[in-house]
Structure formats: structure tokens, C-alpha cells
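Need coordinates for the below:
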Amino acid sequence: MLTVSRVDRPYLDQIPDPDLDTMVADIVEQVDFSSTDIKSRLRSPNLRIERTSSAADLDARTEILFGHRTILMGGGLYPFLSQYLRAASSYFLTCNQGGTPASNWHAGRSSLATTLDWLSTPTEMPHRPAFTISRTQDKSALSLALYTYRFLLCHELAHVALGHSPIEAGSVPDNITPLHQQQDQELKTDRMALTLQVRSIPTRSETVKGLAGAVYAFAAEALRNSRLMLLAELVDERQWEIELTHPNHSAGIWPAWGSQQSVRASSDDRYAPSTQ
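Presented below is the predicted three-dimensional model:
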């Protein structure tokens, strides 16, 4: 089970990243794979897990480094997801009293917009303005941020388990077949990632949080891409790129989500509002 506790932190950059080795072990050891070979691929020394040092790196990817298949989690990914889910919690959950969105929603939204603006520039240290949320909002945000980060890790583990390797684009600019192939590959990976996410959750009551984490992972990527497109006229678009190898986020959510409906229907739905 993922546990959360209240921590006083005046700056978002002080939120500690989860331990990757522990998170991977919790996922891999809880799932019964069809063959021991698949589980072997996901264990050290066949697979390495590292976090990059760049605070502006929000990507999760798998590369071959020094002859070893290595999952790289961006150094800025978890802080961004924490900020995003803190803002989301101020929209969906009340702040001590009153309705929703809560009174701190505007501060959360402004903080997130500022960081997205910074991420559209070549900076290595994006600004993350702090904002205050309630204990209830904080607990929900921390838990969902962990599950969102966990799903992105499951996505990379799914690539490795499925034996995927990068598909190189064709030499002819008009050839979109490799692009379609990689988008199909991503959809298959999303389905397996959600299976890994759900089947490795040890406590049934956490299932909806795990599903919500997958939805927020797609939504966070869509938010980043849409913000970059809106800023394209104001910044040097050569400094960033949108991964067209990944299908539209809605195309990834619903096929993967449909495969888990039976699990969702039988689980605790107290956290369902957070998946909107």
C-alpha cells in the first residue's frame, strides 16, 4: 500500500521523490507473469532504473545505456505531478469549509500555469510557486501523485515486458507507417501498464486510486502538450517537441480503462470524483 503523511514544505521542490527501486519491486513481485522470462527482464541486472538530474526533465523513457536497458524517470516529473495534483485537489476537494472549487483553487491554478510557462523555455530550473492547501487536500494530492508516477513507471515496465524496441522513422518524410506502428505499440503498452498498476496494488480499497493515477497521467501529458501549443507563437518552438509517436491521450485512456472495468466496478469508489 502507498502511504502518505502530512509534511510542512514551503516549497514544492522540497517534496521528496519516491524510491524507484522499492516501487519497481512492489510492482514486479506482486504480479504473476505468464513466464519467468518476462519477470526476469524486469529485474536487476537485466533492467536498471534511474532518475535524471534535470529539474526540467518531465519525461519517462527507456533507453539502452552502456549496454543495459535502462528506464529513465525525469528529475522534474514527480515534482510536476505533485504540483498538478495539489492544484487538482483544490478544485475537487473543499478547503476546510465551503464548496468546490475551494478558495485556494485560483492560487493552485496560477502556480501550475506559471510552471508550464517556465517549462516551455530552455531553463533547467523551472519556477514552481508554492501555494497552501488543507490537510485533506494534501493527503489526496500526495496519494494520487504517487499513483500517477507509479503508472508512468508501469508504462515503461510494460515496454520492457513486451520486448519493445524503438521504431525508427522512415527516411521518406511522407512515410507515416512507422508512426502508426509506434502509436499502436503505445496503446498496447498502456493496456499492459494499467494491468500492472491494478494487479500490483496489494489492498483492494486502493484500486480506484490506481485507476485515477492512470487517468491523471494521460491528463498531465495532454496539459503539457496543449500549453506548449498555445505558447508556440511566443517561444522558440525548437526548444521543445511533442511526442507524436504517442496517440492522443483520449485514445490511450479508454481502451486501457475498458479492460479494467470489472476491477473498478467491484472496488471502493470513494475516490471516483478525483478521476474526472
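
Distance of Ala113 relative to Gly98?
As judged by C-beta to C-beta, to the nearest Å, Ala113 and Gly98 stand 23 Å apart. Bear in mind the C-beta positions are built from the backbone N, C-alpha and C, glycine included.

Between these two, tell me which one has more neighbours.
With neighbours defined as other C-beta atoms under 10 Å, Ala113 and Gly98 compare such that Ala113 has more, 13 against 9.

in which helix or strand would I find that one?
Under the criterion of DSSP states H and E, Ala113 resides in helix 105-119.

mean confidence score for that helix?
For helix 105-119, mean pLDDT is 92.

Now tell me what touches that helix from outside.
Under the contact criterion C-beta atoms under 8 Å, 6 or more residues apart in numbering, helix 105-119 has outside partners 12, 56, 58, 76, 80, 83-84, 86-91, 126-133, 223-224, 227, 231, 240.

Only the buried residues of that helix, if you could.
In terms of neighbour count (16 or more other C-beta atoms under 10 Å), helix 105-119 has its buried residues at 105, 107-109, 111-112, 115-117, 119.

Send me that helix as PDB with only the CA atoms.
C-alpha atoms of helix 105-119 as PDB (Å, rounded to 0.1, in the frame of the first residue of the first chain):
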ATOM      1  CA  TRP A 105      -8.100  26.800  -6.400                       C
ATOM      2  CA  HIS A 106      -7.100  30.100  -8.000                       C
ATOM      3  CA  ALA A 107      -3.600  30.100  -6.400                       C
ATOM      4  CA  GLY A 108      -3.100  26.400  -7.400                       C
ATOM      5  CA  ARG A 109      -4.200  27.100 -11.000                       C
ATOM      6  CA  SER A 110      -1.900  30.200 -11.200                       C
ATOM      7  CA  SER A 111       1.100  28.200  -9.800                       C
ATOM      8  CA  LEU A 112       0.600  25.400 -12.300                       C
ATOM      9  CA  ALA A 113       0.200  27.900 -15.200                       C
ATOM     10  CA  THR A 114       3.400  29.600 -14.200                       C
ATOM     11  CA  THR A 115       5.400  26.400 -14.100                       C
ATOM     12  CA  LEU A 116       4.100  25.400 -17.500                       C
ATOM     13  CA  ASP A 117       5.200  28.700 -18.900                       C
ATOM     14  CA  TRP A 118       8.700  28.100 -17.500                       C
ATOM     15  CA  LEU A 119       8.800  24.600 -18.900                       C
END
